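Q: could you work out the structure for the sequence below:
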Amino acid sequence: MKTKNNVQKTILSTSAVIVTLVLLSYTVTARDFWKMVLENSSFNQIALAMTDSRVKAKETRVNNETWMERLAPVQELEPEMKVEDWMKESGNFEVVNLLPESSVEQPLKIEDWMIDERHFEDAGSREEPLTIEPWMTSENVWVR
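A: Next up is the predicted model:
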């Protein structure tokens, strides 16, 4: 029984090592496979940059900049501006009135209907009080 367990453990560990080696070789092969497939696509440079990390490592070794030099801000200079002849002509800079002309408003007038009391509620009139109707409390109406 003990020998059987030891044999099983040995077989499992050996198979785990074999599976690991197969997967490792598969990923290395797949890396070259995807490089070959993507070589003719429109994303060629992006794919090559992602799959071929050796080129990137060589480029960083060639460039001897320190990380401080890479992070230092770059001073950019703009070319000096020159005044041209058309800039001196005042005809090119006429002010255009884009706003509408201001209109004069007519003074408000009181019309007859504004004074007529029939259009307004009488302060003495009262509304009827609200009443509860039977349908408002019916379970047949409100139950789904």
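Q: what residues of stretch 131-140 count as buried?
A: Within stretch 131-140, no residue is scored as buried using 16 or more other C-beta atoms under 10 Å. The way it works is simple: take the backbone N, C-alpha and C, and place the C-beta from them, glycine included.
Q: can you give me the end-to-end span of stretch 129-136?
A: Stretch 129-136 stretches 16 Å from its first residue to its last (C-alpha to C-alpha, to the nearest Å).
Q: same deal with stretch 109-127?
A: 33 Å.
Q: who touches that stretch?
A: Applying C-beta atoms under 8 Å, 6 or more residues apart in numbering, stretch 109-127 has no contact partners.
Q: I'd like the average pLDDT over that stretch.
A: On average, the pLDDT along stretch 109-127 is 81.
Q: one more: stretch 132-144?
A: The average of the pLDDT scores along stretch 132-144 is 87.
Q: next one: stretch 8-26
A: Taken as a whole, stretch 8-26 has a mean pLDDT of 86.
Q: got the CA coordinates for it in CSV?
A: These are the backbone C-alpha positions of stretch 8-26, laid out as CSV (Å, rounded to 0.1, in the frame of the first residue of the first chain):
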residue,chain,number,x,y,z
GLN,A,8,1.4,7.6,-7.4
LYS,A,9,3.2,10.6,-5.9
THR,A,10,6.2,10.1,-8.2
ILE,A,11,4.0,9.8,-11.2
LEU,A,12,2.0,12.9,-10.3
SER,A,13,5.1,15.0,-9.7
THR,A,14,6.7,13.7,-12.9
SER,A,15,3.6,14.5,-14.9
ALA,A,16,3.4,18.0,-13.3
VAL,A,17,7.0,18.7,-14.4
ILE,A,18,6.2,17.4,-18.0
VAL,A,19,3.1,19.5,-18.2
THR,A,20,5.0,22.6,-17.1
LEU,A,21,7.7,22.0,-19.7
VAL,A,22,5.1,21.5,-22.4
LEU,A,23,3.3,24.7,-21.5
LEU,A,24,6.5,26.6,-21.3
SER,A,25,7.6,25.4,-24.8
TYR,A,26,4.1,26.1,-26.1
